[in-house]
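Asker: Structural data only, the sequence is not supplied:
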């Protein structure tokens, strides 16, 4: 098995400080959470940005740039910026979704397929997905292809087979998101069986499903995502103090399973990313 790549999804767009006061809103808070997760063993930070005052999800280039600069000034973390844009509306929404590319991340999310989501519809039209994949490729950024159901994997394979994604492809299997595929071992197996032969894959699942699904993924040779975006509780009734707590637990489980954890440098090599400049700090 490859060494385990741990992603920390440190804020997301839905969790609030009312639900858990440790959810980060400001660029400084988000960067500090990412850095703490890095020190605990995460190789990737998945970043959404919020209005610093209200916590409302936004797509603002200045905030993405500030978070990116803060993280890179102190670490060699792989930075994955969100292009989900679920909160966006209007005729320019498609273009605004791709603004994070201008912050020059290592990775960015690319959601394929549409689904009912948080009381609305998360729309990812096939034509937009293909244009976005090309823009991401032209920017020299690797897409993290997010799939929420089996049909989404078919669409991801189409992108890969048509040369819109450079190898090795990197897919995030999103289980347990209403109304996508269920967070069960059977669903995880079904998704893995449909992946391209050369695909690298990671798994996320929300709330109580996070721990069992990510543990099974580790045993199956996959990689994992943890953090406040997907879960606010370490266990029933116990709110997490930080994203780093989820990472620390994941590292401990991986060691018990005799699965080595990848450093940022090792994760870059696995994913086919360029190495960081020598000025960057290594964990």
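Answerer: Received it, and whenever you're ready, just let me know what you need. These numbers were taken from a predicted model, which means no experiment stands behind them. Numbering: from 1, shown residues only.
Asker: From here on, just use CA atoms for contacts and neighbour counts.
Answerer: Fine.
Asker: What pLDDT is listed against the residue nearest the centre of the chain?
Answerer: Nearest residue to the geometric centre of the chain (C-alpha atoms, centre = their mean): residue 46, 4.5 Å. Residue 46 is assigned 98 on the pLDDT scale.
Asker: i'd like the first residue to be 22 from this point on
Answerer: Yes, from this point I'll number from 22; that puts the last item at residue 67.
Asker: Contact partners for it?
Answerer: Residue 67 sits next to 28-31, 100-103 when contact means C-alpha atoms under 8 Å, 6 or more residues apart in numbering.
Asker: Report the beta-bridge partners for it.
Answerer: residue 30, residue 101 (DSSP bridges).
Asker: That one and residue 104, how far apart?
Answerer: The gap separating residue 67 from residue 104 is 11 Å, by C-alpha to C-alpha, to the nearest Å.
Asker: still on that earlier bit, next, format the contacts of residue 67 as a markdown table and append neighbour count.
Answerer: Formatted as a markdown table, the contacts of residue 67 follow (neighbours: other C-alpha atoms under 10 Å):
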| residue | neighbour count |
| --- | --- |
| 28 | 28 |
| 29 | 31 |
| 30 | 25 |
| 31 | 30 |
| 100 | 22 |
| 101 | 26 |
| 102 | 28 |
| 103 | 26 |
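Asker: Residue 49: which of these is nearest?
Answerer: For the contacts of residue 67, the residue nearest residue 49 by C-alpha to C-alpha is residue 31; the value is 12.2 Å.
Asker: surely the closest one meets residue 66?
Answerer: Yes - if you go by C-alpha atoms under 8 Å, residue 31 and residue 66 touch, sitting 7.0 Å apart.
Asker: and residue 287, how far is that from residue 140?
Answerer: 39 Å.
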